[in-house]
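Engineer: I'd like to go over a predicted model; first the sequence, then the structure.
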Amino acid sequence: MSILLKGKRKLFTAAAGILSAVSLGVYGYNRYEEYQLNSLRLPNPRKRLPSREEQLKKLQTKEFDILVIGGGSTGSGIALDAASRGLKVAMVEREDFASGTSSRSTKLIHGGVRYLEKAVKQLDWEQFQLVREALHERKNLLKIAPHLSYKLPIMLPIPSLIWAPYYWVGTKLYDLVSGNQILESSYFLSKSKALEKFPMLREDSMAAAMVYYDGAHDDARMNVALALTAAQYGASIANYTEVVSLVKKKGENGRTVNCGAIVKDTLTGNTFEVKAKGIINATGPFTDTIRQMSEPTTEPIVTPSSGVHITLPDYYSPQGLGLVDPSTSDGRVLFFLPWQGYTIVGTTDTPCKLSSQPSSTEEDIQFILHEIANYLSPDLQVRRGDVKAAWAGIRPLVRDPNAKNTESISRNHVIEVSDDGLITIAGGKWTTYRTMALDAVDKAIKTFKLKPKSPCLTERIFLIGGQGYSSTTFIQLIQKYGLDKNVAEHLANSYGDKCFDVASLAEPTGRRWPVYGKPLAPGFPYLEEEVRYVIRNEYARTAEDILARRLRIAFLDVYSAYECLPRVINILAEELGWDENTKKKEFSRSKSFLFTMGLDDTDRIQDFNANELVQLREAFHSVDSDADGHVSADEFKSLVQSLLKISVTNEELDRLISEVDKNKNGQVEFNEFLELMSSKRKRDNSLPPSPPSKVQPPISTARSGGGL
């Protein structure tokens, strides 16, 4: 008996020892990870970044290890990866950082439920590996940029209970593949519970639902953060710097190789050479432009495809819950996603021509609205006038030139090295930008025989603004600067720990509360001081940079963006020393851009300046008694009589409504009202006088009138 007890005691002691060793090992590993994270924080995070002019000077005077062409998510990721390894890096972008596809995504950070379904059905191991890689990168991106990203539950409607096991197994497999990178476990909802969570849905649209988790982010600001973080690590970066031609020399064995590029500062017209040991082409849809600059006879590998999204008011989706329609009428996937107080719906997938300013088509918008109507309750009318903005992004579908079947579209990213040493990376998706950058830099080190000081570190590098951010940062802003709560949350979630630098620029309001902060656009949390900050610290140089990629208002409500355009241009002029002629040119150029974002490009919008548009919208909203975005016949009669100072008979009223009521619903929406006022102006050139330019009357952006 005593021997047995001694044996049990020894066994227990051994087990305790093993458990202690494992615990110490886990503790030590976690502390080591924490040490690594702390040691990889930004170098001198309070140090001022070089100005754009200083960056351009460095580009002209230094010789670099790598020149990256393209300032989208992939190019910026490559610049950060290479710079953090100790390499000398230059990055140039023809327009603004994230001006292309990287700012026009669905705003998701995801592995792809549909991709996993295809991998299982087709027993495709490569596709499965891509999903697993993306799920790892999803969790990592939420870790290194906590201020710009967040987890989002997404509802997946189940059409019939017969399909419930299939959907349950699919979402649970998605959880399983995520492994320790899982965000939250998926769960089943009965029909009644699903309708409680998403009351906008029609009752017959589903029998039950599954809810799974993916990530979401502010794509343009994430891209800008990547570029700024690369600059913090010493990369020389410049937007509005176009590659005109590649510079070549004789290399080893008499082979011609690239040794730099002739670039043009498109803001000043100055042209100069950037010297580099090698070049990486990361230009997304414009990949073939640079490839053919290197080798004119090379075959194209990119097929451009347009994806259209529209922005709707927030009442089209519940706060904090998205929805995916996995089977639209033509087989495409459609997402309803809450984003920055609005609802984004998309996307389409249609062949298109290559363009630096793609725009949505009416056919695509109507397709999305039609699909929405199939899912939403009949009580919620889906109206064209509810569309606040509409944009198109060009997705580069890539053929792998190294594959046996060069006609098939590659599902992964593709890396090609041309005969003269140009490295091209294309394909992939936003979520996997980091692994794309890693592969490209590894290839560059091998091809150009570079000597990095360290291996890839980007998995553990916080993006600028992320290292000191917490979920309570906005409270500190409120307490320190007396900011409005919505403004404080916006600043914290857009700039991370840099939000205090933005708030320090805020001017007193002269009111008891909020104490500081001058609003840029009524109904939005944006401040005029933000405009100054992004000009001084984030290389914003045009109104488009600010309205579309730093503040995002052009993606949320294009008419509100148009209304605050004059003030943004005035601030740009103050900061950059513009004259009146430059301001006029910028207004015209920015207006053209807003047309591509859904601003009405017919004569009726071009007949009014921004201040007149503000006045007309205010007048329309003043009679829109139930704030539903359209006015009844009586409300329309009151509006016409007050603005035009004329009396209108019922017969004349019916005729007017018949003329402008294009969708024949017996009511008048804001864009239809604008057409009437435009016609009136053309007839007798009369319109009530505009308010002074400095006066911006409040506008309720919660109302749906004033769509496209």
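Structural biologist: Yep, it's here. Residues are numbered from 1 along each chain as shown.
Engineer: how about the helices of the stretch 551-700 of the chain, start to end?
Structural biologist: Listed in chain order, the helices of the stretch 551-700 of the chain (DSSP state H, counting those that start in this stretch) span 553-556, 558-576, 580-596, 603-606, 610-623, 633-644, 650-660, 670-684.
Engineer: ugh, wrong one, I meant the stretch 1-150 of the chain
Structural biologist: Under DSSP H, counting those that start in this stretch, the stretch 1-150 of the chain gives helices at 2-39, 52-61, 73-84, 113-121, 125-144.
Engineer: which residues are contacting stretch 572-592?
Structural biologist: The contact list for stretch 572-592 (C-beta atoms under 8 Å, 6 or more residues apart in numbering) reads 357, 531-532, 535-536, 541-544, 546-547, 562, 565-566, 569-570, 599. For glycine as for every other residue, the C-beta is placed from the backbone atoms N, C-alpha and C.
Engineer: Comparing the helices of the stretch 1-150 of the chain, which yields the minimum mean pLDDT?
Structural biologist: Per-segment mean pLDDT for those reaches its minimum on helix 2-39, at a mean of 51.
Engineer: name the element V211 belongs to?
Structural biologist: Using DSSP states H and E, V211 falls within strand 208-217.
Engineer: That strand: what's the following helix or strand?
Structural biologist: helix 219-232.
Engineer: Distance from the chain centre to that following helix, please.
Structural biologist: 12 Å (C-alpha atoms, centre = their mean, to the nearest Å).
Engineer: Now do that helix and helix 73-84, the angle between them.
Structural biologist: Calculated by axes from the mean of the first three to the mean of the last three C-alpha atoms, to 10 degrees, helix 219-232 forms an angle of 20 degrees with helix 73-84.
Engineer: just checking, what packs against helix 219-232?
Structural biologist: helix 73-84, strand 89-92, strand 236-238 (3 or more C-beta pairs under 8 Å, 6 or more residues apart in numbering; DSSP states H and E).
Engineer: tilt between it and helix 52-61?
Structural biologist: For helix 219-232 against helix 52-61, the angle by the same axes, to 10 degrees is 60 degrees.
Engineer: Spit out the contact partners of the residue nearest to the spatial centre of the chain.
Structural biologist: Centroid check for the chain by C-alpha atoms, centre = their mean gives D219 as the closest residue, at 2.9 Å. By C-beta under 8 Å, 6+ apart, the contact list for D219 reads 73, 98, 102-105, 107, 430.
Engineer: please redo it, this time with the cut-off set to 10 Å
Structural biologist: 73, 98, 101-109, 148-149, 393, 430, 549, 552, 555 (C-beta atoms under 10 Å, 6 or more residues apart in numbering).
Engineer: And for I290?
Structural biologist: Counting by C-beta under 10 Å, 6+ apart, I290 touches 69-70, 243, 246, 261, 279-283, 418, 422, 424.
Engineer: Which residues lie in contact with F286 in this structure?
Structural biologist: Counted by C-beta under 10 Å, 6+ apart, F286 has contacts 69-70, 72, 94, 100-101, 302, 304, 354, 356, 394, 396, 426.
Engineer: State the pair within those that is farthest apart.
Structural biologist: I69 and P304 (18.0 Å; C-beta to C-beta).
Engineer: more crowded one of those two?
Structural biologist: I69 (29 against 19; other C-beta atoms under 10 Å).
Engineer: per-residue pLDDT, the more buried one?
Structural biologist: So, for I69, pLDDT stands at 98.
Engineer: Distance of it relative to T283?
Structural biologist: Distance of I69 to T283, given as C-beta to C-beta, to the nearest Å: 6 Å.
Engineer: Common neighbours of the two, please.
Structural biologist: Contacts common to I69 and T283, judged by C-beta under 10 Å, 6+ apart, are 75, 93-94, 243, 289-290, 424.
Engineer: What residues sit buried inside stretch 515-530?
Structural biologist: In terms of neighbour count (16 or more other C-beta atoms under 10 Å), stretch 515-530 has its buried residues at 516-517, 519-530.
Engineer: Quick one: mean pLDDT over it.
Structural biologist: In this model, stretch 515-530 has a mean pLDDT of 93.
Engineer: Quick one, which of the contacts of F286 are buried?
Structural biologist: By 16+ other C-beta under 10 Å, these give 69-70, 72, 94, 100-101, 302, 304, 394, 396, 426 as buried.
Engineer: So which of the residues you listed sit within strands?
Structural biologist: Per DSSP state E, strands hold the following members of the buried ones among the contacts of F286: 69, 302, 304, 394, 396, 426.
Engineer: so the first one makes contact with G278?
Structural biologist: Read that as I69. No - with contact defined as C-beta atoms under 10 Å, I69 does not reach G278; the gap is 11.4 Å.
Engineer: what sits in contact with each of these two?
Structural biologist: In contact with both I69 and G278: L422, using C-beta under 10 Å, 6+ apart.
Engineer: Lowest-scoring secondary structure element of the chain by mean pLDDT?
Structural biologist: Between all helices and strands in the chain, the lowest mean by mean pLDDT, DSSP states H and E belongs to helix 2-39, at a mean of 51.
Engineer: still on that earlier bit, of the helices of the stretch 551-700 of the chain, which shows the lowest average pLDDT?
Structural biologist: helix 603-606 - the lowest mean pLDDT of the helices of the stretch 551-700 of the chain, at a mean of 54.
Engineer: Okay, now the unreliable bits of the protein?
Structural biologist: Scanning the chain for pLDDT under 70 picks out 1-46, 402-411, 601-611, 614, 625-629, 644-648, 659-666, 671, 675-676, 678-708.
Engineer: State the distance spanning the first to the last residue of stretch 383-399.
Structural biologist: In stretch 383-399, first residue to last residue: 39 Å (C-alpha to C-alpha, to the nearest Å).
Engineer: how far is that stretch from where the chain is centred?
Structural biologist: The chain centroid and the centroid of stretch 383-399 are separated by 12 Å under C-alpha atoms, centre = their mean.
Engineer: before we move on, what about stretch 265-283?
Structural biologist: Counting by C-alpha atoms, centre = their mean, stretch 265-283 is centred 25 Å from the centre of its parent chain.
Engineer: Quote the end-to-end distance of that stretch.
Structural biologist: 17 Å.
Engineer: May I see the buried residues of it?
Structural biologist: 265, 274-283.
Engineer: now swap in stretch 191-198 and tell me
Structural biologist: Here stretch 191-198 shows 191, 194-195, 197-198 as buried, counting by 16+ other C-beta under 10 Å.
Engineer: same check, this time on stretch 256-265
Structural biologist: By neighbour count on 16+ other C-beta under 10 Å, the buried set for stretch 256-265 is 257-261, 263-265.
Engineer: repeat for stretch 319-334
Structural biologist: Buried, per 16+ other C-beta under 10 Å, within stretch 319-334: 321-326, 328, 332-334.
Engineer: could you dump those to JSON lines with secondary structure and distance to T229?
Structural biologist: Converted to JSON lines, the buried residues of stretch 319-334 look like this (DSSP: H, G, I helix; E, B strand; the rest coil; distance: C-beta to C-beta, whole Å):
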{"residue": "L321", "secondary structure": "coil", "distance to T229": "31"}
{"residue": "G322", "secondary structure": "strand", "distance to T229": "28"}
{"residue": "L323", "secondary structure": "strand", "distance to T229": "33"}
{"residue": "V324", "secondary structure": "strand", "distance to T229": "31"}
{"residue": "D325", "secondary structure": "strand", "distance to T229": "36"}
{"residue": "P326", "secondary structure": "coil", "distance to T229": "36"}
{"residue": "T328", "secondary structure": "coil", "distance to T229": "38"}
{"residue": "R332", "secondary structure": "coil", "distance to T229": "35"}
{"residue": "V333", "secondary structure": "coil", "distance to T229": "32"}
{"residue": "L334", "secondary structure": "strand", "distance to T229": "34"}
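Engineer: how about the CA coordinates for stretch 342-351, as PDB?
Structural biologist: The C-alpha trace of stretch 342-351 is given here as PDB (Å, rounded to 0.1, in the frame of the first residue of the first chain):
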ATOM      1  CA  TYR A 342     -24.400  54.500 -43.100                       C
ATOM      2  CA  THR A 343     -25.100  51.300 -45.000                       C
ATOM      3  CA  ILE A 344     -22.800  50.100 -47.800                       C
ATOM      4  CA  VAL A 345     -24.300  47.600 -50.300                       C
ATOM      5  CA  GLY A 346     -22.300  45.900 -53.000                       C
ATOM      6  CA  THR A 347     -20.600  44.600 -55.100                       C
ATOM      7  CA  THR A 348     -21.100  44.000 -58.700                       C
ATOM      8  CA  ASP A 349     -18.500  42.300 -61.000                       C
ATOM      9  CA  THR A 350     -18.500  43.300 -64.600                       C
ATOM     10  CA  PRO A 351     -15.800  43.700 -67.300                       C
END
